[in-house]
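J.: Sequence and predicted model, in that order:
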Amino acid sequence: MTTDADTHAPVLDVRHLSVRYNEVHALDDVSVTLAVGRICGLIGVNGSGKSTLFKALMGLLVPREGSVELFGTTTAQARKRGLVAYMPQAEEVDWTFPVSVSDVVAMGLYGRLGPARRLGSSDRAAVGDALERVGLTALRKRQIGQLSGGQRKRVFIARSIAQDARLLLLDEPFAGVDQASERTMTELLKALRDEGRSVLVSTHDLAGVPALCDEAVLLHRRVLASGEPSQVLTHGNLARAFGAAPADAAAAGTAASTSDGGF
């Protein structure tokens with residue numbers, strides 16, 4: 001189903017966003033925009049505010065200052081219209097919950113179903129098509145927690161496809177997946193981009209950013225740099241973000257993926 005999103009407005013428009021957890025500044029004066037049909041990589045160490053930004057975009061926390069617009073409207077309206085889909089970090093999902101792969105994908109359709117949430121024939125077809133596209137048709141009846149890390153991430157992408165979301169917010173989708181799964185997801189996200197969808201994806205894989213992303217934002221509670229990946233991923237910028245000497249900045253980015261904690 002094609003949405004009626006306003007193609008003249010930015011998909012994502014964040015202006016002067018500030019978020020605090022008590023006295024801790026998680027985000028400070030952050031501004032980010034994203035156009036239709038673009039993939040933006042969100043880069044930063046754990047604790048730099050990436051997950052906080054995703055939660056603010058989804059309306060899961062209230063910013064202290066600033067504004068968020070999705071498709072020229074409020075987050076609440078964009079979610080109601082099914083325009084945005086969110087993949088949280090893996091540790092925020094209860095993988096023991098007794099739902100199948102198909103059930104999880106079908107959750108993307110709940111916004112347009114009635115109170116009984118009964119799938120019609122077109123809804124079931126959308127779920128089946130989405131699973132086929134991510135290569136999980138054979139696992140559709142399996143409990144979600146029985147999948148590998150890469151398969152779990154593809155289930156969430158399938159959910160966004162079934163939903164026909166035009167903006168995908170992906171928080172560390174490549175964490176804990178093997179290289180083959182990462183390549184599969186990279187090609188899938190690029191295909192979705194080519195269909196006119198937009199993606200904001202946080203990642204620690206600095207080497208993979210130029211191949212995946214049209215643009216990048218380097219975040220350390222504030223926006224340190226934004227633009228094309230080649231302009232953002234300089235030794236100087238990475239040293240500012242990761243606290244390493246320029247020659248060690250890329251290695252620091254890789255090491256950050258295994259560090260503990262973060263907003």
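T.: Cool, got the structure.
J.: a strand runs through residue 221, doesn't it?
T.: No - Residue 221 is assigned coil when assessed by DSSP: H, G, I helix; E, B strand; the rest coil, not a strand.
J.: Quick one: residues contacting it.
T.: The contact partners of residue 221, by CB atoms under 8 Å, 6 or more residues apart in numbering, come to 25, 26, 27, 28, 30, 48, 49. From N, CA and C alone the C-beta is placed, and that goes for glycine too.
J.: all helices for the protein, in order.
T.: Applying DSSP state H to the chain gives helices spanning 50-57, 75-80, 101-106, 121-133, 149-163, 179-194, 209-212, 229-232, 235-242, 249-256.
J.: and the contacts of residue 221, which are buried?
T.: The neighbour-count test (16 or more other CB atoms under 10 Å) marks 26, 27, 28, 30, 48, 49 as buried among the contacts of residue 221.
J.: quick one: pLDDT of the first one?
T.: Model confidence at residue 26, given as pLDDT, is 93.
J.: Taking the centroid of the protein, which residue is nearest it?
T.: Closest to where the C-alpha atoms of the chain average out (CA atoms, centre = their mean) is residue 170, at 1.4 Å.
J.: List just the nearest of the buried ones among the contacts of residue 221 to residue 237.
T.: Comparing the buried ones among the contacts of residue 221 against residue 237 with CB to CB places residue 48 closest, at 12.9 Å.
J.: just checking, that closest one touches residue 222?
T.: No - with contact defined as CB atoms under 8 Å, residue 48 does not reach residue 222; the gap is 9.3 Å.
J.: would CSV of the helices of the chain with mean pLDDT be doable?
T.: Below are those laid out as CSV (pLDDT from 0 to 100):
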stretch, mean pLDDT
helix 50-57, 95
helix 75-80, 93
helix 101-106, 94
helix 121-133, 93
helix 149-163, 93
helix 179-194, 93
helix 209-212, 94
helix 229-232, 95
helix 235-242, 91
helix 249-256, 47
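J.: got a list of what residue 26 touches?
T.: Residue 26 neighbours (CB under 8 Å, 6+ apart): 19, 20, 49, 52, 221, 263.
J.: hmm, back to that, just name the closest of the contacts of residue 221 to residue 13, please.
T.: Looking across the contacts of residue 221 and measuring by CB to CB, the closest to residue 13 is residue 30, at 12.0 Å.
J.: Excluding chain neighbours, what is closest to the closest one?
T.: residue 17 (4.5 Å; CB to CB, 6 or more residues apart in numbering).
J.: for residue 109, same thing?
T.: Nearest residue to residue 109, sequence neighbours excluded (CB to CB, 6+ apart): residue 123, at 5.2 Å.
J.: what's the answer for residue 182, then?
T.: Among residues not flanking residue 182 along the chain, residue 174 sits closest, at 5.0 Å (CB to CB, 6+ apart).
J.: what's the neighbour count on the one you found?
T.: Neighbours of residue 174 under the rule other CB atoms under 10 Å: 23.
J.: Kindly state the pLDDT recorded for residue 110?
T.: 78.
J.: Stretch 222-236 spans what distance, first to last residue?
T.: End-to-end distance of stretch 222-236 (CA to CA, to the nearest Å): 16 Å.
J.: swap that for stretch 99-117, please
T.: Distance between the boundary residues of stretch 99-117 (CA to CA) amounts to 15 Å.
J.: just stretch 201-211 next, same as before
T.: End residues of stretch 201-211 are separated by 13 Å (CA to CA).
J.: Number of residues surrounding the nearest residue to residue 210 once chain neighbours are set aside?
T.: Residue nearest to residue 210 in three dimensions, not counting chain neighbours: residue 229, with 4.5 Å by CB to CB, 6+ apart. Counted with other CB under 10 Å, the neighbours of residue 229 add up to 18.
J.: can you check residue 85 too?
T.: Using other CB under 10 Å, residue 85 is surrounded by 24 other residues.
J.: With residue 95 instead?
T.: Number of residues near residue 95 (other CB under 10 Å) recorded here: 13.
J.: so it touches residue 152, yeah?
T.: Yes - counting by CB under 8 Å, residue 152 is a contact partner of residue 95 at 7.2 Å.
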